[in-house]
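A.B. asks: fold the following, please.
(one chain, ligands or ions: 2)
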Amino acid sequence: MIQTICFVVFWAVQASALLVFAVPFAWSLVALWAASHFLRAIGLTLAFHRYFAHRAFQMHRAARFFWAYVGTAAMQKGPLWWAGHHVNHHRFADREGDPHSPMVSGIYYAHIGWFLNDARHDRVGPNNPVVRDFSTVPEIAWLDRYMAVPPISLAAAMYLLGGFPWLVWGFCLPTMTLAHATFAINTVNHLFGSRRFETHDESRNNPVTAFFAVGEGWHNNHHRYQRAARNGFYWWELDPTWYVIRAMAAVGLAWDLQPVPRRIYEEAEAVRRKRASMRAPSIVDAVPLALELSEDVEPV
Ligand SMILES: [Zn+2]
Ligand SMILES: [Zn+2]
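C.D. replies: Ligands and ions are numbered 1, 2, ... in the order given. Here you go, the predicted model:
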């Protein structure tokens, strides 16, 4: 029964994004879409992913509830469910047991199917580290149980503030785009992109998904070293979630930010050098064929 409700609600919200065509276009509505998409993306990545699943930093209890609430408004179920499954993703990365691997269960199941029917790989039990450590925190357990409250309150607020256009551009459309921005990390980032590290999974770095999922697209980096508070390991790798964590640390709302260890940077450099040496043409390859032939027939 719950599976059916989940299925119907998910597809109803996805389809509701089409209502943008029923609203006269305005750039202010695009700004509203961006605010709703990217703010909730920060909630998911900062709280659900880097904090609950990976413990990449510590944060103030009120800030934790705020970001967990914002993340839950993304309609991607509760923080314990989300982060608990994510721990299993890393544990079994692209092997049997990974809840959403395009290699194991195909692209549709890895993108959406698993989310709508988690019974197949549902291993979030009491021993899961996320459930074990955070289900005893009353406000987090409440959010996980009443996960419908944040999205419904957002939808209601949008409608009350700006009527039908705000409901569509501030809730329906960004909820759809954020779902795919998040799910793309599970599919696109295990299929398309570059591999800085030679990890045992198929994780890849992809700047496009990094943009729409506020830094999560540096997924090969992340699979190599999950504990870091940043997924963009270099300044040129856009990682808005990391900037927010640093801003929170600057005002005392976050602390114990886990860095990328020096050995990981050295490993990246070693892989880069190894690949560069494999690519460099040898002196023999560099000699033009015609020159070799003309030397062959040179009179002695
Ligand atoms: Zn992954
Ligand atoms: Zn992760």
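A.B. asks: shouldn't Met248 be in contact with Ala254?
C.D. replies: Yes - counting by C-beta atoms under 8 Å, Met248 touches Ala254, with 3.9 Å between them. Heads up, the C-betas are built off the backbone N, CA and C, glycines and all.
A.B. asks: all strands of the stretch 151-300 of the chain, in order?
C.D. replies: Using DSSP state E, counting those that start in this stretch, the strands found in the stretch 151-300 of the chain span residues 254-255.
A.B. asks: nope, the stretch 1-150 of the chain is what I was after
C.D. replies: Counting by DSSP E, counting those that start in this stretch, the stretch 1-150 of the chain has strands at residues 58-59.
A.B. asks: ok, now how distant is Ala110 from His54?
C.D. replies: Remark: distance between Ala110 and His54 (C-beta to C-beta, to the nearest Å) = 20 Å.
A.B. asks: kindly report the same for Phe212.
C.D. replies: 20 Å.
A.B. asks: same check on Thr182?
C.D. replies: For Thr182, the distance to His54 - C-beta to C-beta - is 16 Å.
A.B. asks: who's more crowded, these two?
C.D. replies: A count of neighbours by other C-beta atoms under 10 Å puts Thr182 above the other of Thr182 and His54, at 24 against 21.
A.B. asks: what's that one in contact with, if anything?
C.D. replies: Contact partners of Thr182, counting by C-beta atoms under 8 Å, 6 or more residues apart in numbering, are Ala41, Leu44, Ala74, Gln76, Ala213, Glu216.
A.B. asks: touching, Phe115 and Phe10? I think so.
C.D. replies: Yes - at 7.5 Å, Phe115 and Phe10 qualify as touching, with contact defined as C-beta under 8 Å.
A.B. asks: more neighbours: which of these two?
C.D. replies: Neighbours were counted for Phe115 and for Phe10 using other C-beta under 10 Å; Phe115 has more, 23 against 18.
A.B. asks: what ranges do the helices span in the stretch 101-250 of the chain?
C.D. replies: Along the stretch 101-250 of the chain, the segments classed as helices by DSSP state H, counting those that start in this stretch run 102-105, 107-108, 114-116, 129-134, 138-145, 149-167, 173-186, 207-212, 219-224, 240-250.
A.B. asks: just the CA trace of the first one, in CSV.
C.D. replies: Going back to what we said before, that points to helix 102-105. Extracted in CSV, the C-alpha atoms of helix 102-105 (Å, rounded to 0.1, in the frame of the first residue of the first chain):
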residue,chain,number,x,y,z
PRO,A,102,23.5,0.8,-13.3
MET,A,103,26.0,-2.0,-13.7
VAL,A,104,24.1,-4.4,-11.4
SER,A,105,20.5,-3.5,-12.0
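A.B. asks: okay, and the common contacts of Met248 and Ala254?
C.D. replies: With C-beta under 8 Å, 6+ apart, Met248 and Ala254 have common neighbours Met59, Ala63.
A.B. asks: between these two, which one's more packed in?
C.D. replies: Remark: of Met248 and Ala254, Ala254 carries more neighbours, 23 against 19, as counted by other C-beta under 10 Å.
A.B. asks: pLDDT score for that one?
C.D. replies: With respect to pLDDT, Ala254 has a value of 98.
A.B. asks: grab the nearest non-local neighbour of Arg246.
C.D. replies: With sequence-adjacent residues excluded and distances taken as C-beta to C-beta, 6 or more residues apart in numbering, Arg246 is closest to Leu257, at 7.4 Å.
A.B. asks: can you tell me how far the one you found is from Phe233?
C.D. replies: For Leu257, the distance to Phe233 (C-beta to C-beta) stands at 14 Å.
A.B. asks: just checking, Pro126 touches Thr136?
C.D. replies: No - in this structure, Pro126 is not within contact of Thr136 by C-beta under 8 Å, at 11.0 Å.
A.B. asks: quick one on the thing from earlier: and the pLDDT at the residue nearest to Arg246?
C.D. replies: At Leu257, pLDDT is 98.
A.B. asks: ok, it touching Ala250?
C.D. replies: No - at 10.8 Å, Leu257 does not count as touching Ala250 under the criterion of C-beta under 8 Å.
A.B. asks: neighbour count winner among the two?
C.D. replies: Leu257 (18 against 9).
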